[in-house]
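Q: here's my sequence, what's the structure:
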Amino acid sequence: LLEKKEEKIKILRHDMRHHTQMLFSFISENENDKALDLLKKLNSELVPISIARFCQNQIIDSAISIYAHKAASSHTKLEYEISLPKELPFNENDIAIIFANILDNAVNASLSQPEENRRIKIKSRYEDNQLVIFVENYFGGKVMFDAKGIPISQKDGHGFGTKSILSIVKKYNGTAVFTHENNIFTAGFIF
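A: Numbering: from 1, shown residues only. Sure thing, here's the model as predicted:
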């Protein structure tokens, strides 16, 4: 998907020279309606292909992008500090699944909060052969934990994302920590 969007951006860049000349012509001839129509058309083409870059790793970047879009469309503020290289010494699909599951949970939890409290923070870094992922979101409700400190859901059909995350954490002998203090839910993973 990223490659297709990047190809479309290359084509738009190439065509931009022609569009600029057309705009110049319309404005010079006081054909402002035509100039505005062209600008609207160009804007509508650029919005759906915008690519947000969160890190250098394309698979993880794609997973984060999906939930960043969902957060934006639900008026949830997303803050991030992500420093991940192009390649990791882990199966990148596994790490992308962790991001997808935890961000899906964070976006869904945010939807039940007043709009002014909807926010998600992502911090992730890889250095010294250690991968760290922290995601926190505001959640004013009650979170239930089992005896091992793992969040549990009371709703049928929920909780599979957490089980998926924990199986990946176990696969790499990692550590998972979940907390809920002062209305902030935090999920942290260290590999």
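Q: show the contacting residues for the residue in the chain sticking out farthest from the centre.
A: The C-alpha centroid of the chain is most remote from Glu29, which lies 44.2 Å away (CA atoms, centre = their mean). Residues near Glu29 by CB atoms under 8 Å, 6 or more residues apart in numbering: none. For the C-beta atoms, the positions are set from N, CA and C on the backbone; glycine is no exception.
Q: distance check, it against Arg17.
A: The gap separating Glu29 from Arg17 is 19 Å, by CB to CB, to the nearest Å.
Q: kindly report the same for Ile190.
A: 49 Å.
Q: higher neighbour count, those two?
A: Shown here are Ile190 and Arg17; by other CB atoms under 10 Å, Ile190 has more neighbours (14 against 9).
Q: helix or strand with the lowest mean pLDDT in this protein?
A: helix 2-28 (a mean of 72; mean pLDDT, DSSP states H and E).
Q: elements contacting whichever helix or strand comes after it?
A: Downstream of helix 2-28, the first helix or strand assigned by DSSP states H and E is helix 32-46. If contacts are counted by 3 or more CB pairs under 8 Å, 6 or more residues apart in numbering; DSSP states H and E, helix 32-46 sits against helix 2-28.
Q: residue boundaries of the strands in the chain?
A: For the chain, the strands defined by DSSP state E cover 77-83, 119-127, 130-138, 144-145, 151-152, 175-181, 184-190.
Q: my read: Phe178 touches Gly149, true?
A: Yes. Using CB atoms under 8 Å, Phe178 makes contact with Gly149 at a distance of 6.0 Å.
Q: pick out whichever of these two has more residues nearby.
A: Between Phe178 and Gly149, counted using other CB under 10 Å, Phe178 has the larger neighbour count: 18 against 10.
Q: that one: what's it in contact with?
A: With CB under 8 Å, 6+ apart, Phe178 has these contacts: 145, 149-151, 185-188.
Q: that one and Asn105: what is the separation?
A: 10 Å.
Q: next, show the common contact partners of the two.
A: In contact with both Phe178 and Asn105: Ala187, using CB under 8 Å, 6+ apart.
Q: my guess is Phe134 meets Lys123, correct?
A: Yes. Proximity of Phe134 to Lys123 meets the contact threshold set by CB under 8 Å, at 4.5 Å.
Q: check contacts around Lys34.
A: Phe26.
Q: pLDDT weak spots in this structure?
A: The chain contains residues with pLDDT under 70 at 1-6, 8-15, 45-52, 156-159.
Q: one more time with 80, if that's ok
A: Scanning the chain with the threshold set as pLDDT under 80 gives 1-21, 42-52, 153-160.
Q: tally of neighbours for Phe54?
A: Counted with other CB under 10 Å, Phe54 comes out at 21.
Q: next one: it from Val132, what distance?
A: 15 Å.
Q: and Lys40, how many neighbours?
A: Lys40: 10 neighbours (other CB under 10 Å).
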